[in-house]
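[1] any chance you could fold what I've pasted below:
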Amino acid sequence: MAHLPSSNNLPRPLMRAAGMSIRRKLTVLMLLIGLLPTLVVSAIGYLTTSNELRTKTTDQLVSTAVKQEQKITGLLQQRQEDVVTLTNRFDLQSALGQYLSSGRSADRDAINTILQDRKAREPDIQAVTVADPSGKVIATTLDDNQGKSLPLGDYAVSGDGTSVSVRQDDRDGINKLNIATKISVNKQSSGVVIVVFRMDDITAAIQDYTGLGTTGETVVAFKNSLGHTISLFPLRFDTDAALSKQLDSLHLFDAGSSTHTETDYRGHQVIVAPRPIGFANWVLATKIDTDEALASIVQLRNALITTVVLSSVAVLIVALWLTEFFTKPILYLAEIAQRIGKGDFGVRVNLRRNDEIGLLGDSINTMGMSLNDFVSHIQSQRNRLEVILNTTIESILAIDKHGTILTANAAAIGLTQLSREEIVGKNMNDIFGWTRDLQPFTVRYDNENSLTIPNLEFTDHTGATHFVRLIVARVSGDQAQEAIQTIVTVHDETKTRELENMKIDFVSMAAHELRTPLASLRGYIELISYKEGQHLSEETSKYLKQALKSSNELGGLINNLLDVTRIERGTLTLHMEHVDLAETVSQAVNDQRFAAEDKNITLSYDGPASGDDVSADGIALREVINNLLTNALKYTEPHGAVRVTLRRDGDFYITSVHDTGVGIPKKALPYLFTKFYRVHGGLDSGSTGTGLGLFISKSIVERHNGTISVTSEEGAGSVFTFTIPVADEHQLAELKQQDQSAQTFIRRHRGWITKNTTR
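    The predicted model follows:
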C-alpha cells in the first residue's frame, strides 16, 4: 500500500480544506461514538427498569389475586360441601320423599327439624329452605317464608344442580351468600335446597389489601342478566358498592382477559389483574393506580435526560479538542479499527510511521491477531459450556480426568452446603461420599459413554441426607489435564421421595381411621336388619341392603388401600404353604358360576382338577384368580363366554382367563397394572372400582416369582395370564413339615378383598 500523503506536501488552502473536512467528520464521529452508547444505554435502562417495575407490579397483583382467589374458592367450596352434605342426608331425602308422596304434616315437621338442627350446628348458616320443583316452600327455618313460593329461576341452578349467588336479605338489608342445590329422591329431582350463609369471612378475605399500597383494592364481580359487571362486595373507595356499583370499564369478563390497564369507577387509570372464580362464575381482580405503581419511572426519566445532556456536552468538548491534533492517519486507523470491530480480523494497518501513530497502527495489528486467537478460543470454550448451560436446573459439576472439580454451579453449592472455594479444586470423591442401601458406592467418572446412576444417597455438610440420581457425561474435545473431561449432573429427588412417603402415610392413616367408624356403621345396619327386618317396608329393607352393600364395598376399598401401602413399603407378608393350584382355580370358577348365570354368561374351566402343586400364599393366590374372574364377568355382555385354562409349561404353571367382553384400548394396556388407573371410555361405563385390583394382583404374582400380562382387542375380548413357579419336591417336603394351624388362623383373618378391584 502506498504512503498516505503528508500534510506538508498539500497546498495550504487544500490542507485547510482537508483539515476542516476531517475535523467536521471527526467531530460528528466522536459525537456519534460518545453519544450513541449513552443514548442506547439510557433507553435500554429506562425501558428495562420500566418493564421490570411494571412486571413486578403485575406479578404482585397476580400473586395477591391468586391467593385471594384460592382463599375465596376454598370458602365457597366449603359452603357448597356443607349444602351437598345436607342434601345427601338419608333422613332428609327419606322425609322429603314421604312428604311428596303422602303430604303428611309429620313428614314436613321432620324436614323442619332436620333443617333447624343443621342451622343450629353451623353458626354461619342464616337460613335453610326446602322447596318443591315448582318453588313452593316445603320447609324452612324462616317463619315468614312458610308456604310461600320462591322464584327458582332467579337462583339459576346449573346443570350440575348447584348455584352460588349473593343476594340482599329483605329482613335486615344485608347481602348474604345463597347456595341452591337440587335434591334427589330415588334418583329423581324432588326439589331445591337453598342455604343462606353469612359472608363475614369472605368479605374479610376480599378487604385484605396487604401488598396493594394506598390505591390498590380487590374487587369481586359477576355479570348480571343485563350484561353489566356488578360488584358483589363493598369496595375500598366505595363501601356501598355491593350489588349496586357497575364495573364495566374494567373489562373483567372479556374473553382471554389478562393483566391490563383500564380506567376504574373513580376515573383513575389502574393496572388490573383478573382471576376467574369459575366455581361461582365470578371474577376476582386486584388493581392499583398506575400513578402509584410507576411513580419511580418519572424520576428515572428525568435523571436519564440530565445524564444524556451532560454526556453530550462533554463528548462535544472532547471531540472538538481531539480534532485539533489528528488528521488523515487517524481516519485511516479508525476505518481499520471499525473493520476489525465488525469481525474482519484479517485486515492489517499498512502505515509506515515511527511516531505514536505508527505505534498505534502496530498495536491495532497486534490487537487484530490477538482477537482472532481469542475468538477461536472462545468458540472452543463455548462448545464445552453448552453442556452446562443446557442442564443448569440441576446441580452441575465439571471435573478433569483426575476427578478434580473445575467448576460448580449454584445448585451444587446449595446441595453440598459448602462454599465455592471449598468445592473447586477438590477431588470429586472427597466432596461426595455416595451410598446405596446404606453401603458405600463408588462412581467411575472416566467412562467413555454417558451413564445414569439412580437411587444414590448423599449426606451434605450439615448432616442432611439427599436421595439423588447421578448423570455422568463425558465431554469430547481437548483432553489436556486441566481441561473439562466430564460433566456430572446431580438430580436431587429428596423432596419427591418425601412427598411419596407423605402420600403413603396419608393413605395408610386415612384407611386405619376409617375402619373403626365403618365397622360400627356396618354393625348397626346389620343389627337393624336382624331385629327390625320383618317389620320394615320393602323399600326401607332395600335401602338397608344397599347401605350394607356400600359399607362392604367401602371396607374392601379400605383393605385394598392398606394392601397398597404395605406393598409400597415392602411390608406385605406372604405366608407360603403347599397349595394345589388346579384345585384353587377350579374352586374359584365354581364360586363364580352363580354370578355368571345371573348375567347369562357361559363360564368354563379347561384344566386338571388337582395335582398342580405350588408354594404360595393360598389366600393371596385366590385374590388374584377371583379378581381376574370378577373383571372378566363384569366386562362381558350377556350371552358371552368366559373360559379359564390351566397348563404347565416347563417350570411354570400358566393360568389364563379368556373373555369375549368389550376389550381394552391399546393405549391403556401399558398402564393397566398401575395403582388407581382407570380406563376411560367404554370399559369404565358403570364401573365403581378403584383401580387397585390389578395393581395388587401384579404385586402378589411378582412376590411369588411369577409374571402377569394381558392381551386384548377392543370388541373381541381380553386374555389375562399369570404364571406361578412349580414347587419342587424339596419345597413340598419342607412345607409338609411345617405346623400350619396357627399361621392358617392368622391368614384367614388377613382380609383380602376383591369387590373393589377393577381394570
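[2] when you work out contacts or count neighbours from here on, use the C-alpha atoms and nothing else.
    Will do.
[3] can you pull out the low-pLDDT segments for the stretch 301-450 of the chain?
    For the stretch 301-450 of the chain, the stretches flagged by pLDDT under 70 are 322, 324-328, 382-383, 385-392.
[4] what segments of it are helices?
    For the stretch 301-450 of the chain, helices defined by DSSP state H, counting those that start in this stretch occupy the ranges 328-341, 356-389, 410-416, 420-423, 428-431.
[5] packing partners for the longest one?
    Read it as helix 356-389. Counting by 3 or more CA pairs under 8 Å, 6 or more residues apart in numbering; DSSP states H and E, the packing neighbours recorded for helix 356-389 are helix 328-341.
[6] mind listing what's buried in the helix it packs on?
    K328, P329, I330, Y332, L333, I336, A337, R339, I340 (16 or more other CA atoms under 10 Å).
[7] closest to T584 out of those residues?
    I340 (87.9 Å; CA to CA).
[8] for the closest one, which non-adjacent residue is spatially closest?
    G368 (6.5 Å; CA to CA, 6 or more residues apart in numbering).
[9] can you give me the distance of the one you found to G343?
    Using CA to CA, to the nearest Å, G368 is found at 9 Å from G343.
[10] and for A314?
    As judged by CA to CA, A314 and G343 stand 30 Å apart.
[11] tally of neighbours for the residue lying closest to N429 once chain neighbours are set aside?
    Using CA to CA, 6+ apart and skipping residues adjacent in sequence, the residue nearest N429 is G403, 7.7 Å away. Close neighbours of G403, defined as other CA atoms under 10 Å, add up to 20.
[12] got a markdown table for the helices of the stretch 301-450 of the chain, with distance to D460 too?
    Below are the helices of the stretch 301-450 of the chain laid out as a markdown table (distance: least, CA to CA, whole Å):
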| stretch | distance to D460 |
| --- | --- |
| helix 328-341 | 48 |
| helix 356-389 | 22 |
| helix 410-416 | 5 |
| helix 420-423 | 12 |
| helix 428-431 | 9 |
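[13] nearest to P517, out of the ones you listed?
    Closest to P517 of those, according to CA to CA: helix 410-416, at 45.6 Å.
[14] and the strands in the stretch 501-650 of the chain?
    577-580, 602-606, 613-616, 641-649 (DSSP state E, counting those that start in this stretch).
[15] pick the most buried one from those strands.
    Compared across the strands of the stretch 501-650 of the chain, strand 613-616 shows the largest average neighbour count, a mean of 22 (mean count of other CA atoms under 10 Å).
[16] just want the angle from the helix or strand containing K56 to helix 328-341.
    When elements are assigned from DSSP states H and E, K56 belongs to helix 12-87. Helix 12-87 runs at 30 degrees relative to helix 328-341, counting by axes from the mean of the first three to the mean of the last three CA atoms, to 10 degrees.
[17] so which elements touch helix 12-87?
    strand 175-185, strand 188-197, helix 200-206, strand 269-277, strand 282-289, helix 290-293, helix 295-322, helix 328-341.
[18] turn the ones you listed into CSV, columns for distance to T602.
    Listed next are the helices and strands packed on helix 12-87 as CSV, based on distance: least, CA to CA, whole Å:
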stretch, distance to T602
strand 175-185, 37
strand 188-197, 36
helix 200-206, 60
strand 269-277, 53
strand 282-289, 55
helix 290-293, 76
helix 295-322, 81
helix 328-341, 87
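[19] out of the helices of the stretch 301-450 of the chain, nearest to V283?
    Of the helices of the stretch 301-450 of the chain, nearest to V283 by CA to CA is helix 410-416, at 39.3 Å.
[20] ok, residues contacting the closest one?
    For helix 410-416, contacts defined as CA atoms under 8 Å, 6 or more residues apart in numbering pick out I393, E394, S395, I396, L397, S419, R420, I423, I431, D460, H461, V490.
[21] contacts only, for the fourth one.
    To tie it back to what came earlier, the one meant is I396. Taking CA under 8 Å, 6+ apart as the contact definition, I396 lies against I388, A408, N409, A411, A412, I487, V488, T489, V490.
[22] wait, what's in contact with the second one?
    The neighbourhood of A408, defined by CA under 8 Å, 6+ apart, consists of S395, I396, L397, A398, R420, I423, V424.
[23] now do the SS call for Q98.
    Following DSSP: H, G, I helix; E, B strand; the rest coil, Q98 is assigned to helix.
[24] per-residue pLDDT, the residue nearest to it when sequence neighbours are not counted?
    Closest residue to Q98 apart from its sequence neighbours, by CA to CA, 6+ apart: D107 at 6.6 Å. What the model reports as pLDDT for D107 is 86.
[25] start the count at 12, not 1, going forward
    Done: numbering now begins at 12, and the last item shifts to D118.
[26] number of residues surrounding D118?
    For D118, using other CA under 10 Å, the count is 20.
[27] what do you get for K198?
    Neighbourhood size, K198 [other CA under 10 Å]: 7.
[28] so how far is T734 from it?
    If you go by CA to CA, the gap between K198 and T734 works out to 45 Å.
[29] still on that earlier bit, neighbour count: G379 and G354, which is higher?
    Set G379 next to G354 and count neighbours by other CA under 10 Å: G379 wins out with 24 against 13.
[30] tell me the contacts of the more buried one?
    I351, F356, G357, V358, R359.
[31] what subset of those residues is buried?
    Judged by 16+ other CA under 10 Å, buried ones among the contacts of G379: I351, F356, R359.
[32] okay, those in TSV with distance to K159 next?
    Converted to TSV, the buried ones among the contacts of G379 look like this (distance: CA to CA, whole Å):
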residue	distance to K159
I351	92
F356	94
R359	101
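[33] so which of these is the closest to A131?
    Checking the buried ones among the contacts of G379 one by one against A131 (CA to CA), the nearest turns out to be I351, at 86.5 Å.
[34] contacts only, for the closest one.
    By CA under 8 Å, 6+ apart, the neighbours of I351 are G357, V358, G379.
[35] distance of the residue lying closest to the first one once chain neighbours are set aside from I719?
    Among residues not flanking G357 along the chain, G379 sits closest, at 7.2 Å (CA to CA, 6+ apart). Using CA to CA, one gets 71 Å for the distance from G379 to I719.
[36] Q598: which of the contacts of G379 is nearest?
    The closest of these to Q598 turns out to be F356 (CA to CA; 88.9 Å).
[37] quick check: that closest one touching L382?
    Yes - F356 is within contact range of L382, at 7.2 Å (criterion: CA atoms under 8 Å).
[38] who touches both of these two?
    With CA under 8 Å, 6+ apart, F356 and L382 have no common neighbours.
[39] any regions of the stretch 562-711 of the chain where pLDDT drops low?
    562-584, 686-689, 691-702.
[40] give me the neighbour count for P528.
    Using other CA under 10 Å as the criterion, P528 is surrounded by 11 other residues.
[41] for stretch 661-676, measure first residue to last.
    32 Å.
[42] residues of that stretch that come out buried?
    For stretch 661-676, the neighbour count (16+ other CA under 10 Å) marks 663-676 as buried.
[43] let's have the residues you listed in CSV, adding secondary structure and distance to I44.
    Shown next, in CSV, are these (DSSP: H, G, I helix; E, B strand; the rest coil; distance: CA to CA, whole Å):
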residue, secondary structure, distance to I44
F663, strand, 85
Y664, strand, 87
I665, strand, 85
T666, strand, 85
S667, strand, 84
V668, strand, 84
H669, strand, 84
D670, strand, 84
T671, coil, 84
G672, coil, 81
V673, coil, 78
G674, coil, 76
I675, coil, 72
P676, coil, 69
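[44] would TSV of the residues you listed with distance to V52 be doable?
    Listed next are the buried residues of stretch 661-676 as TSV, based on distance: CA to CA, whole Å:
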residue	distance to V52
F663	77
Y664	79
I665	77
T666	77
S667	76
V668	75
H669	75
D670	75
T671	75
G672	72
V673	69
G674	67
I675	64
P676	61
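[45] about what we covered before: save the strands of the stretch 512-661 of the chain as TSV, and put in distance to V139 too.
    Converted to TSV, these look like this (distance: least, CA to CA, whole Å):
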stretch	distance to V139
strand 588-591	61
strand 613-617	54
strand 624-627	59
strand 652-660	53
